[in-house]
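Asker: here's my sequence, what's the structure:
(one chain, ligands or ions: 1)
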Amino acid sequence: MVNIQQLKQWKQEGRRIVVLTAWDFAIAQLLDRANVDMILVGDSLGMVTLGYETTLPLTLEEMLHHTKAVCRGVKQALVICDLPFMSYQESSQQAIHSAGRVLKETGAQGVKLEGGYPAMVETVAQLTAIGIPVMGHVGLTPQSVHRLGYRQQGKTPEDARRILQEAIALEEAGAFAIVLEHIPDNLAKQITQKLAIPTIGIGAGSSCDGQVLVTGDMLGLTERQPPFAKSYVNLRDIITDAVRNFSAEVREGKFLDP
Ligand code: KIV
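Answerer: Coordinates of the predicted model:
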């Protein structure tokens with residue numbers, strides 16, 4: 001079973017970390033059997049699986065429900081659960097309560113939360129102090145879509161400096177890894193070189209210590225994809241063809257032909 005302590009070691013050894021998102025038992029089982037290192041129950045499931053316009057409406061109860069299903073399908077990978085919007089931003093106490101529920105009720109080994117310095121640093125420090133592993137997430141943070149949009153972050157020198165400072169502050173607060181989303185490659189490289197903990201990139205170039213994709217994008221299930229997504233198969237077409245074939249057989253009276 002992959003554990004949190006191994007990740008830092010892997011960074012030192014130059015072993016890249018493979019991360020994918022999952023939202024249910026079947027997908028989690030497939031990813032785990034294919035030897036993914038870390039499975040993130042990302043709040044992108046609100047859009048990919050539940051059809052919300054953004055990640056904002058997703059509730060903690062919904063995350064708990066999906067994370068439990070994912071954990072039932074996983075034997076080897078590390079499972080990390082996103083804390084959804086407004087389940088941790090109010091106060092460190094609220095974050096402890098929500099993250100505590102995740103660890104107690106689901107079987108996930110840690111949580112991820114968005115944001116950096118100064119907003120989240122104290123919260124990350126308090127969570128790690130009581131033994132709850134936290135993965136940070138800086139750059140494009142989709143829970144701030146109404147302030148940031150889905151644009152690349154860190155393009156100006158001031159913004160790049162701010163993101164670097166956030167990453168350093170999160171590491172100092174005890175984060176075990178940090179997702180870098182949609183920032184310039186050279187900034188991601190600089191952060192990756194500066195930190196002892198692994199960086200996990202999504203739309204952040206190839207220098208990160210690991211890479212994550214939203215599995216719905218990777219499998220070609222999602223209609224709208226960010227520019228940095230990559231599909232390895234087009235499941236939308238494959239599923240549509242299968243459904244059409246089944247429908248044709250039923251309508252033509254050929255299904256279960258003796
Ligand atoms: O919710 C999610 O899927 C994520 C990834 C994009 C890292 O946070």
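Asker: so for residue 16, what's the nearest residue that isn't a sequence neighbour?
Answerer: residue 210 (5.7 Å; C-beta to C-beta, 6 or more residues apart in numbering). C-beta: built from backbone N, CA, C; applies to glycine.
Asker: look up how far residue 254 lies from the one you found.
Answerer: Going from residue 210 to residue 254 by C-beta to C-beta, to the nearest Å gives 48 Å.
Asker: wasn't residue 240 part of a strand?
Answerer: No. Residue state for residue 240 (DSSP: H, G, I helix; E, B strand; the rest coil) corresponds to helix; a strand is not indicated.
Asker: how near is it to residue 221?
Answerer: Residue 240 is 11 Å from residue 221, by C-beta to C-beta.
Asker: more neighbours: the two, which one.
Answerer: Of the pair residue 240 and residue 221, residue 221 is the one with more neighbours under other C-beta atoms under 10 Å, namely 20 against 11.
Asker: tell me which residues touch the residue lying closest to the more buried one once chain neighbours are set aside, please.
Answerer: Using C-beta to C-beta, 6+ apart and skipping residues adjacent in sequence, the residue nearest residue 221 is residue 235, 5.0 Å away. Counting by C-beta atoms under 8 Å, 6 or more residues apart in numbering, residue 235 makes contact with 219-221.
Asker: now those residues as a markdown table including distance to residue 231, pLDDT and secondary structure?
Answerer: Formatted as a markdown table, the contacts of residue 235 follow (distance: C-beta to C-beta, whole Å; pLDDT from 0 to 100; DSSP: H, G, I helix; E, B strand; the rest coil):
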| residue | distance to residue 231 | pLDDT | secondary structure |
| --- | --- | --- | --- |
| 219 | 7 | 98 | coil |
| 220 | 4 | 98 | coil |
| 221 | 9 | 97 | coil |
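Asker: is residue 180 within a helix or a strand, and which one?
Answerer: strand 177-181 (DSSP states H and E).
Asker: can you redo the contacts of residue 235 as TSV with distance to residue 124?
Answerer: TSV is the format used below for these (distance: C-beta to C-beta, whole Å):
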residue	distance to residue 124
219	32
220	35
221	32
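Asker: quick check: the residue nearest to residue 227 when sequence neighbours are not counted vs residue 151, distance?
Answerer: Spatial nearest neighbour of residue 227, chain neighbours left out: residue 203 (7.4 Å); criterion: C-beta to C-beta, 6+ apart. According to C-beta to C-beta, residue 203 stands 11 Å off from residue 151.
Asker: try residue 114
Answerer: Distance from residue 114 to residue 151, by C-beta to C-beta: 16 Å.
Asker: now swap in residue 63 and tell me
Answerer: Distance from residue 63 to residue 151, by C-beta to C-beta: 26 Å.
Asker: between the two, who's got more neighbours?
Answerer: A side-by-side neighbour count of residue 63 and residue 151, using other C-beta under 10 Å, places residue 63 first with 27 against 8.
Asker: many thanks, we can stop here.
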